[in-house]
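J.: just a sequence and a predicted model for now, questions to come.
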Amino acid sequence: MSSPFSIGDIVNGRYRLVAPIVSSPTADVFRADDLSLTRPVAIHVAPFALHNDPVFLESFREEATTAAALNHPHVLRVYDWGEEAGGAYLVTEFPVGGTLRTVLDRDGVMSESKVALMGLELADGLAYAHSRGLIHGALSPATIHFDADGRSKVADFGFATAIAKSHIGPSTDIRYASPEQAQRLAVDGKTDVYALTLILFEAITGSIPHEMGSPTETLSARIGTPLPSDPKIRSLDMVLAQAGAYDAKFRLDAVSLTTRLQATVGALSSTATTTASMAPATVSPTDAARVTKRPVLGFQAPTSSDVLTGATALVPPSTLIEGIESVRSSGEVPMGDFENYRPAARRKRSWLRPALAAGLFVVTAGLVGAYATGMFKPAHTVPSVLGLSQQQALSLVSDSNFKLEITGRSFSTTVNDGMIASQTPVAGTSLQEGESLRVTISQGAPPVAIPTSIIGMDCASATQTLAGVGLKADCPSSAAVKSTKVPAGHVIKIMFDSQTNPASVSKGATVTLVVSLGNGSVTSTTTSTTQPTNGHSARPVPNIVGKTRTEVLALMHSVELFFVTTGPGSNNGTWQTVVSQTPAPGTSIQWHGTVHMTVK
């Protein structure tokens with residue numbers, strides 16, 4: 001999959017691409033440096049075939065906004081997203097531990113205990129995303145990343161769903177496709193569970209279930225076929241069998257899978273450390289026999305092998321008779337009344353055990369219900385996080401064991417970009433531990449519309465008009481162009497970040513005004529003239545040496561003259577003071593004449 005970006009490119013004027021990390025059907029992933037915050041990040045770039053695809057881009061904007069609001073330890077955090085060079089990209093935290101694909105390609109397999117723990121983390125992350133309406137749909141080892149502590153994280157939420165709606169269709173790695181994807185049926189969270197099951201199976205055994213010689217054969221093999229057994233899989237066998245059920249109706253969802261894996265990890269940790277070697281576990285023949293034949297609920301007809309080996313043979317009648325006779329001979333049962341025997345002492349207390357069991361059940365159910373409804377959870381006063389950064393807010397709410405949930409982004413004239421603009425519930429109210437404090441992140445002030453009337457104005461007038469709406473302007477001589485239609489010194493067009501005549505820009509931004517040179521080039525003159533130009537008399541050149549940029553703009557506007565600057569900062573309007581000028585102060589030049597200035 002090709003990418004519109006190359007190593008060394010700077011995306012969005014902020015992220016410098018350093019090295020490739022991994023490529024998958026959903027994205028090319030690069031390591032990058034955030035030049036603004038001086039930190040490493042990862043850039044996930046959509047497939048080249050989707051560049052300028054309006055259906056994909058519209059869906060991507062919606063999915064990326066939702067993905068950016070996810071905040072879970074096992075979902076790769078999305079810091080930023082955007083579109084450039086016709087392509088869409090996500091900016092995420094940098095997973096220093098690499099991807100699961102890298103680990104499997106390097107080491108082959110992992111221990112079952114380590115896979116169980118990884119599966120628990122990933123299932124928990126999927127359950128969180130599913131509860132917020134996000135389905136991944138293209139899970140594979142290439143979309144699973146590890147942080148510095150070895151924690152696993154799911155990446156590329158926001159891309160897969162958007163790609164599925166585009167003209168190129170689903171982006172799933174066929175090797176991890178579910179039966180419903182193979183049949184082009186509707187997908188849901190259980191589709192992600194199936195893919196995760198195949199990934200965990202591969203991590204333990206080194207092979208992907210039902211992988212055949214071609215994509216078509218692989219997809220066909222998934223339909224109506226249960227997950228196979230493997231002697232290397234022991235404690236996770238039944239969990240994976242239920243999570244990999246070919247019929248989604250009988251398949252575990254992410255929440256149920258998390259619960260099952262939690263119990264499995266607990267059982268494994270009691271007998272072996274969860275940091276076991278990455279080498280495959282040794283399996284004895286008895287283990288293989290025990291795992292290969294899973295227990296089945298309900299009736300199962302005996303096989304010919306079972307019958308021949310006596311595994312299902314009936315108990316001989318002589319054995320049953322001998323058992324009854326031995327009980328009778330003990331004298332506890334009257335001969336001939338074996339079927340009606342009931343000890344008198346037990347009959348008197350027959351109500352006690354059921355009553356105790358019922359009482360215990362009621363009490364236990366009450367305690368479980370109380371815990372589930374949060375009756376035993378302490379509550380704390382909600383602090384104000386308005387105006388804080390996400391990191392500051394997380395640090396503050398963690399003291400009360402609250403979760404911080406980012407629900408979206410919004411413009412704000414009072415809160416700086418990247419800071420928290422609103423919160424629910426409000427500060428001062430009560431919230432139980434474990435509950436979420438929902439916040440929105442400021443995008444800064446809303447964009448400012450550029451007045452279209454500045455086209456045709458002289459530089460000074462256009463600059464003054466833009467200042468009235470909170471914008472800055474610069475008229476560099478290097479940007480001036482010849483024109484037979486627009487008078488010299490008047491604005492032909494507006495430029496901002498490679499955009500021509502943008503409708504709006506961020507408040508406080510500096511735009512470049514491209515002015516006309518007329519039929520020739522702007523030239524200065526030291527010749528005095530009192531001859532009127534277009535009905536306007538000559539103008540005396542003011543003394544502008546030592547003046548600031550703001551003072552120069554005001555003076556030149558008042559006498560209706562233009563100026564051209566040379567020196568440091570002259571091309572981008574960052575100069576501060578005038579060092580020298582030509583013509584000299586007091587010289588009369590024609591109306592709309594040009595004064596040359598050296599600045600610093």
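T.: Received, thanks.

J.: what segments of the stretch 51-200 of the chain are helices?
T.: Secondary structure of the stretch 51-200 of the chain, counting by DSSP state H, counting those that start in this stretch: helices at 54-68, 100-107, 112-131, 160-164, 179-182, 189-205.

J.: so which elements touch the second one?
T.: In this case it means helix 100-107. If contacts are counted by 3 or more CB pairs under 8 Å, 6 or more residues apart in numbering; DSSP states H and E, helix 100-107 sits against strand 144-146, helix 189-205. Yep, even glycine has a C-beta here, placed from its N, CA and C like the rest.

J.: tell me which residues of it come out buried.
T.: For helix 100-107, the buried set under the neighbour-count rule, 16 or more other CB atoms under 10 Å, comprises 100-104.

J.: cool, stretch 416-434 as well?
T.: 418-423, 431.

J.: rewinding a little: kindly reformat the buried residues of helix 100-107 as a markdown table containing pLDDT and distance to residue 393.
T.: Converted to a markdown table, those look like this (pLDDT from 0 to 100; distance: CB to CB, whole Å):
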| residue | pLDDT | distance to residue 393 |
| --- | --- | --- |
| 100 | 93 | 31 |
| 101 | 90 | 34 |
| 102 | 88 | 34 |
| 103 | 90 | 34 |
| 104 | 91 | 37 |
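
J.: closest one of those to residue 252?
T.: Checking the buried residues of helix 100-107 against residue 252 by CB to CB gives residue 100 as the nearest, at 20.6 Å.

J.: residues in contact with the closest one?
T.: 118, 141-142, 144-146, 152, 199, 203 (CB atoms under 8 Å, 6 or more residues apart in numbering).

J.: report the separation between it and residue 75.
T.: 15 Å (CB to CB, to the nearest Å).

J.: residue 447 contacts residue 509, correct?
T.: No - at 9.1 Å, residue 447 and residue 509 do not qualify as touching, with contact defined as CB atoms under 8 Å.

J.: tell me which of these two has more neighbours.
T.: Ranked by neighbour count (other CB atoms under 10 Å), residue 447 and residue 509 place residue 509 first, with 18 against 15.

J.: so what's that one closest to, chain neighbours aside?
T.: The shortest distance from residue 509 to any residue other than its chain neighbours is 6.0 Å, reached at residue 471 (CB to CB, 6 or more residues apart in numbering).

J.: burial measure for the one you found, as a count.
T.: Residue 471: 24 surrounding residues under other CB under 10 Å.

J.: isn't it up against residue 450?
T.: Yes - counting by CB under 8 Å, residue 471 touches residue 450, with 7.1 Å between them.

J.: looking at the helices of the stretch 51-200 of the chain, spot the one closest to residue 492.
T.: Comparing the helices of the stretch 51-200 of the chain by CB to CB, helix 54-68 comes nearest, at 31.0 Å.

J.: state the mean pLDDT of that closest one.
T.: Computed over helix 54-68, the mean pLDDT rounds to 81.

J.: same question for stretch 247-257.
T.: The model assigns stretch 247-257 a mean pLDDT of 93.

J.: just stretch 379-394 next, same as before
T.: Stretch 379-394 comes out at a mean pLDDT of 88.

J.: same check, this time on stretch 473-491
T.: Here the average pLDDT along stretch 473-491 is 84.

J.: name the residues of that stretch that are buried.
T.: 473-477, 480, 483, 486, 488-491.

J.: where does the protein dip in pLDDT?
T.: The model of the chain has pLDDT under 70 over residues 1-3, 49, 51-52, 86, 160-161, 164-172, 269-377, 519-535, 570-572.

J.: can you list the domains in it?
T.: Structural domains assigned to the chain are 10-93, 101-283, 380-442, 450-599, following automatic domain parsing.

J.: off-centre distance for the first one?
T.: So the one you mean is domain 10-93. Distance of domain 10-93 from the chain centroid (CA atoms, centre = their mean, to the nearest Å) equals 9 Å.

J.: excluding chain neighbours, what is closest to the residue positioned nearest the centre of the chain?
T.: Centroid check for the chain by CA atoms, centre = their mean gives residue 78 as the closest residue, at 3.9 Å. The spatially closest residue to residue 78, leaving aside those adjacent along the chain, is residue 68, at 4.4 Å (CB to CB, 6+ apart).

J.: check contacts around that neighbour.
T.: Contacts for residue 68 were tallied using CB under 8 Å, 6+ apart; they are 78-81, 158, 406, 409.

J.: who wins on neighbours among the residues you listed?
T.: Among the contacts of residue 68, the one with the most neighbours (other CB under 10 Å) is residue 158, at 30 neighbours.

J.: do you know how far it is from residue 12?
T.: Distance, residue 158 to residue 12, using CB to CB: 17 Å.

J.: and the residue nearest to residue 90 when sequence neighbours are not counted, how many neighbours?
T.: Nearest residue to residue 90 in three dimensions, chain neighbours excluded: residue 44, at 4.4 Å (CB to CB, 6+ apart). For residue 44, the neighbour count with other CB under 10 Å is 25.

J.: residue 598 and residue 564 touch, don't they?
T.: No - contact criterion CB under 8 Å: residue 598 and residue 564 do not qualify, at 10.3 Å.

J.: more neighbours, these two?
T.: residue 564 (20 against 16).

J.: I'd say the residue nearest to residue 90 and residue 95 touch.
T.: No - with contact defined as CB under 8 Å, residue 44 does not reach residue 95; the gap is 11.1 Å.

J.: what is in contact with those two at once?
T.: With CB under 8 Å, 6+ apart as the test, residue 44 and residue 95 both reach residue 155.

J.: quick one on the thing from earlier: and the contacts of residue 100, which are buried?
T.: For the contacts of residue 100, a burial check counting by 16+ other CB under 10 Å picks out 118, 141-142, 144-146, 152, 199, 203.

J.: what's the closest of those residues to residue 574?
T.: Lowest distance from residue 574 to these (CB to CB) belongs to residue 145, with 40.8 Å.

J.: got the contact list for that closest one?
T.: Taking CB under 8 Å, 6+ apart, we find residue 145 in contact with 42, 76, 95, 97-100, 152-153, 155.

J.: hang on, the earlier thing: redo the buried residues of helix 100-107 as TSV? Include distance to residue 550.
T.: Shown next, in TSV, are those (distance: CB to CB, whole Å):
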residue	distance to residue 550
100	58
101	57
102	56
103	59
104	62
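
J.: what's the closest of those residues to residue 263?
T.: residue 100 (23.2 Å).

J.: related to what we said a few turns ago, what's the closest of the helices of the stretch 51-200 of the chain to residue 462?
T.: In terms of CB to CB, the element of the helices of the stretch 51-200 of the chain nearest to residue 462 is helix 54-68, at 33.2 Å.

J.: for the closest one, buried residues please.
T.: Going by neighbour count (16+ other CB under 10 Å), the buried part of helix 54-68 is 56-57, 59-60, 63-64, 66-68.

J.: need the residues you listed in JSON lines (columns: distance to residue 113).
T.: As requested, the buried residues of helix 54-68 are exported to JSON lines (distance: CB to CB, whole Å):
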{"residue": "56", "distance to residue 113": "41"}
{"residue": "57", "distance to residue 113": "44"}
{"residue": "59", "distance to residue 113": "40"}
{"residue": "60", "distance to residue 113": "38"}
{"residue": "63", "distance to residue 113": "35"}
{"residue": "64", "distance to residue 113": "36"}
{"residue": "66", "distance to residue 113": "34"}
{"residue": "67", "distance to residue 113": "31"}
{"residue": "68", "distance to residue 113": "34"}
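
J.: all set now, cheers.
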